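S.K.: Sequence plus the predicted model coming up.
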Amino acid sequence: MTATASRCLACVLACLTLASASAASASACTFASQGDGRVVSVIDARTFRLDDGRDIRLAGIEAASIDKTKGMAALSAIAGGRDVSLHGEDDTPDRYGRQPAFVFLKGTQTSVQSELLRRGEALASADIADKDCAASLAAAEASAQDGKSGFWADPAAIKNAESPGDILTGIGRFTLVEGRVLSVRQAGSTTYLNFGRNWTQDFAVTISRRLIPAFEAAGLSPKSLENQRIRVRGYVWSRGGPRIELLRVGQIQVLSRK
């Protein structure tokens with residue numbers, strides 16, 4: 001085979017690989033249809049109203065910015081005034097009457113969630129059980145992190161587990177925290193991943209005993225995380241020091257092995 005032919009073959013294979021990846025990404029998060037509509041107003045960074053009166057809550061993501069106006073502007077730029085199709089496993093409205101859904105711009109295979117993640121205007125929530133969908137959202141988020149887009153342009157976007165005071169400023173907000181697990185302790189029905197030596201003031205992650213089997217099945221038994229550097233995501237609450245409760249395996253990302 002000539003050099004020219006080899007280069008052509010390489011190009012063809014590359015194109016096929018990209019097409020395959022694109023198709024896989026496009027097929028992710030396309031659950032059962034929940035109907036169509038036109039976006040007539042944006043309510044917040046994750047919620048909009050359709051022309052039929054339904055309020056739609058974007059599933060699988062969390063707002064990246066604490067600035068509500070900025071978040072609304074990002075969503076408006078992508079979906080404002082657009083025709084969209086809705087997909088999801090459950091269309092039961094939440095307690096605020098908002099229907100959770102994965103939203104695709106009409107006539108495309110682009111989800112609003114993925115576009116927000118790629119722009120660094122959202123964070124993957126890790127509450128999606130479907131592995132292909134979760135992987136697609138994680139890949140879109142990673143793309144924004146690599147490009148330092150939006151949320152990821154801030155060097156302090158991810159909180160340092162060694163700075164509990166900084167983490168406490170985010171009480172009630174979805175937050176990413178990185179650090180090394182210094183110890184793993186169990187107290188009653190709760191397991192604590194401790195990131196500091198002062199258990200009452202330093203940052204810790206909690207896992208309910210009933211959820212331990214799911215973490216063990218994923219190769220993330222709490223004891224195995226001791227001395228490892230991890231990233232966790234979730235809502236910050238306080239019990240002396242800052243805490244994040246782990247409800248799903250996807251909330252943990254192991255950054256380094258012992």
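M.R.: Good, I have the coordinates. Since the model is a prediction, treat every value here as computed from it, not as a measurement.
S.K.: the domain parsing of the protein - what is it?
M.R.: According to automatic domain parsing, the chain is divided into the following domains: 33-152, 159-254.
S.K.: could the ones you listed go into a markdown table alongside mean pLDDT?
M.R.: Written out in a markdown table, the entries for the domains of the chain read as follows (pLDDT from 0 to 100):
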| stretch | mean pLDDT |
| --- | --- |
| domain 33-152 | 95 |
| domain 159-254 | 95 |
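S.K.: Can you report how many residues lie near residue 65?
M.R.: Residue neighbour count, defined by other Cβ atoms under 10 Å, stands at 19 for residue 65. All C-beta spots, glycine's among them, are computed from the backbone N, C-alpha and C.
S.K.: so what's it up against?
M.R.: Contact analysis of residue 65 by Cβ atoms under 8 Å, 6 or more residues apart in numbering lists 45, 71, 74, 121, 150-151.
S.K.: Likewise for residue 57?
M.R.: Taking Cβ under 8 Å, 6+ apart, we find residue 57 in contact with 46-47, 94, 98-101.
S.K.: what's the closest non-adjacent residue to it?
M.R.: Distances taken as Cβ to Cβ, 6 or more residues apart in numbering place residue 98 nearest to residue 57, at 3.9 Å, with adjacent residues excluded.
S.K.: sorry, back to before: among the domains of the chain, which is the most enclosed?
M.R.: Counting by mean count of other Cβ atoms under 10 Å, domain 33-152 has the highest mean neighbour count of those, with a mean of 18.
S.K.: First-to-last residue distance for it?
M.R.: 33 Å (Cα to Cα, to the nearest Å).
S.K.: returning to what we had before: possible to save the contacts of residue 57 as a markdown table with distance to residue 131 and secondary structure?
M.R.: Listed next are these as a markdown table, based on distance: Cβ to Cβ, whole Å; DSSP: H, G, I helix; E, B strand; the rest coil:
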| residue | distance to residue 131 | secondary structure |
| --- | --- | --- |
| 46 | 23 | coil |
| 47 | 26 | strand |
| 94 | 24 | coil |
| 98 | 25 | strand |
| 99 | 24 | strand |
| 100 | 19 | strand |
| 101 | 19 | strand |
